[in-house]
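Q: fold the stuff below for me.
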Amino acid sequence: MGKLDGFLTYDRELPGSRPPEDRVGDFKEIYEPFPEEKTKNQAARCMDCGIPFCHSGCPLGNIIPEFNDAVYQEDWEEAISILQSTNNFPEFTGRICPAPCEASCVLGINKPPVAIEHIEKTIAEKAFELGYIKANPPRHRTGKKVAVIGSGPAGLAAADQLNKAGHWVTVFERENQIGGLLRYGIPDFKLEKIVVDRRLDLMSEEGITFKKNAEVGKSINPEAVKSDFDAIVICTGATQARDLNIAGRELDGVHYAMDFLTLQNKQVAGFETTEEITAKEKNVVVIGGGDTGSDCIGTSHRQGAKSVLQLELMPKPQLERGEKDPWPLWPMTLRTSSSHEEGGDRKWSTLTKSFKGEQGKLTHIELVDIEWVDNDGRKELREIEGSSRLVPCELALLAIGFTNPEHPLLESFDVKTTKSGLVKADKYKTSQEGIFTAGDARRGQSLVVWAIMEGREAARAVDKFLLGKSVLPAKKKSAYQLS
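A: Alright, predicted model coming up:
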C-alpha cells in the first residue's frame, strides 16, 4: 500500500452535506464538494491487511485495496480500470449502495472503516472528468441478438456485459424513460438523473438499443420477441408491493410508497402526471423502516408535510454490534439516513391496527405498541394493553417491501415461478430454453449492488448459451467469501 501507517495517521472523514433547512427546498443531491487531497488521505487509511474481507462484503467482489492504493498514488486511470473490471456502474453504487464492504473492512474491527463508498464515487467522477470513461463499442459483433426486459440495474448490467461480448442488445422498458428503479424509485436528492442519463448516453453510443413505453405482454408481442431474438433476459424486478390488508385500506390517502416516489420523480423530471399524491400540509405516516421508507420521509419534507412519522414493527436496533452480528457480518445496528436528519419522528415496536377516515378520506391511523415474546423458540408479537391510540394522518405510505415480479409477463413466456412467486431458475436459466433472468425477479427484493452482480452473471450465462463459451469475467468467490 502507498502509506502503510495511513490508518494511524488519518481519521475517517466524509463530505459534508448542505444544512437540512436548505436542502429540503430542492431535490438536488445533498453533499458538498470534498477536496481531492482528503479523498487521497481516506484511501491511505486502507490497511495492508493480508486478507481483505471487504472483498467478501461486496457482492460484486470489487478489488478494493488495489483501487484504494491507485487513488492514494493519484493514478485515476488505474483506479477506474480496476473498479470497472468488476462494477459496471460505480457512479450509481458510489451514491446509493449501503456499502456492505465497509461493514467487512478489517480496520472496522476497532476503528471507523475505510470510506470505500465515497472513494468509489470519487473514482467514477474523476474518470468521467478526465475522459477515462467513454464510449467503447465492441470491435467485433457475433450477429446474435438479445432482448433484455427491464432497464433497472440488473437489466442495464446484463445489457452492458452482453454488448461488451459483441451481441446486439435491445432493452425493453415499459415506463416513459429508461432506468427502472434508478430512474423512478430513488429520489433525485440521492441520485440525480443526470448521472443516469450520462451512463445511458454512453451505452447507446456503444450500440445498445433502448425502447421506452415498450411493455412486453401488452404493447409488445411476446411471441415476436421470442422469434426476433436469440435469447431473452427477464430483469423486471420484484415490483409487486407488499400490502397491508387492514380495516380502512381503501381510504383515499393510503398509498404504496413506490407510487408516491415515482410520481414525485416524474414531476422533478418535468413530466405531467394525471395522478397526484402529495404530502403538502399533511400529517404523513410512513409504515416501514427501510430505505424506501426513508426516501418517503425525505420526499415528504420537500413537499411541505405538516408532520412525518415513521413506524417500524421490529424493536429499535442496537447502537453497536452484538453477539449475533459480529464483524465481519452485516451489523443490525441503528441507521440514521439524511432524510431522518431533516426532521420527523420514528417509532419502533409499533403495529398499525387500522386506518380511519371520514367521507372516504383518511384522517387518522390507529396504532398500538407491541412487545416481542419468545414462544418455544419463536418470536411472536404481543399487543401492550392500553397502548392503542389514534394519530392524525392524511397520508399513509406503505413501505413494507416487495414480494415478487408481476406475473402476466412471466405467464406470457410460460416461465415457471417458485412458491414465493419469483422466477424459477437454475442459476440464471429459466424453465424455457433461451430465456434467462436476473436481479430481484430471481432473488427477491435486494440491493442495487446485488442486482448489478446478478445482471453480470446472467450475461455470462447467456453468452455461454449463445456461443458455447464466454469471454465475460466470472465473479471470483474466495475461500473467505461470506455471501
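
Q: run a quick neighbour tally on residue 366.
A: 18 (other Cβ atoms under 10 Å). Where C-beta positions appear, they are placed from N, C-alpha and C, glycine not excepted.

Q: how close does it get to residue 399?
A: 18 Å (Cβ to Cβ, to the nearest Å).

Q: low pLDDT regions in the chain?
A: 1-2, 476-483 (pLDDT under 70).

Q: output the longest strand belonging to it.
A: strand 361-375 (DSSP state E).

Q: now the angle between strand 361-375 and the helix or strand following that strand, please.
A: Using DSSP states H and E, the helix or strand that follows strand 361-375 towards the C-terminus is strand 378-383. Angle of strand 378-383 versus strand 361-375, following axes from the mean of the first three to the mean of the last three Cα atoms, to 10 degrees, is 140 degrees.

Q: look up how far residue 94 lies from residue 231.
A: Distance from residue 231 to residue 94, by Cβ to Cβ: 31 Å.

Q: could you do residue 164 as well?
A: Counting by Cβ to Cβ, the gap from residue 164 to residue 94 is 21 Å.

Q: of the two, who's got more company?
A: Ranked by neighbour count (other Cβ under 10 Å), residue 164 and residue 94 place residue 94 first, with 22 against 19.

Q: pretty sure the more buried one sits against residue 115.
A: No: Residue 94 is not in contact with residue 115 according to Cβ atoms under 8 Å; the separation is 10.7 Å.

Q: just to revisit the earlier point, which strands and helices lie in contact with the longest strand of the chain?
A: On a contact count with 3 or more Cβ pairs under 8 Å, 6 or more residues apart in numbering; DSSP states H and E, strand 361-375 meets strand 350-358, strand 378-383, strand 389-392, strand 395-398.

Q: helix, strand or coil for residue 148?
A: Counting by DSSP: H, G, I helix; E, B strand; the rest coil, the backbone at residue 148 sits in strand.

Q: who's it bridged to?
A: residue 171, residue 233 (DSSP bridges).

Q: how many other residues sit next to the closest residue in space to residue 343 that isn't next to it in sequence?
A: Counting by Cβ to Cβ, 6 or more residues apart in numbering, residue 343 lies nearest to residue 301, which is 6.0 Å off, once chain neighbours are set aside. Neighbourhood size, residue 301 [other Cβ under 10 Å]: 21.

Q: about what we covered before: so for residue 424, which of the helices and strands packed on strand 361-375 sits nearest?
A: strand 395-398 (27.3 Å; Cβ to Cβ).

Q: what comes up buried for that closest one?
A: With burial defined by 16 or more other Cβ atoms under 10 Å, the residues of strand 395-398 counted as buried are 395, 396, 397, 398.

Q: which one of the residues you listed sits closest to residue 147?
A: Of the buried residues of strand 395-398, the one sitting nearest to residue 147 (Cβ to Cβ) turns out to be residue 398, at 32.5 Å.

Q: beta-bridge partners for the closest one, please?
A: Assessed by DSSP bridges, residue 398 has beta-bridge partners residue 256, residue 287.

Q: dump the residue contacts of it.
A: Residues near residue 398 by Cβ atoms under 8 Å, 6 or more residues apart in numbering: 241, 242, 243, 244, 254, 255, 256, 257, 287, 288.

Q: for stretch 339-348, what is the distance to the chain centroid?
A: With Cα atoms, centre = their mean, to the nearest Å as the basis, stretch 339-348 stands 21 Å off its chain's centre.

Q: surely residue 141 touches residue 165?
A: No: taking contacts as Cβ under 8 Å, residue 141 lies outside contact range of residue 165: 9.8 Å.

Q: comparing the two, which residue is more hemmed in?
A: Set side by side, residue 141 and residue 165 show more neighbours around residue 165, with 23 against 13, by other Cβ under 10 Å.

Q: how about the more buried one, nearest residue that isn't a chain neighbour?
A: Residue 165 sits nearest to residue 463 (Cβ to Cβ, 6+ apart), 4.8 Å away.
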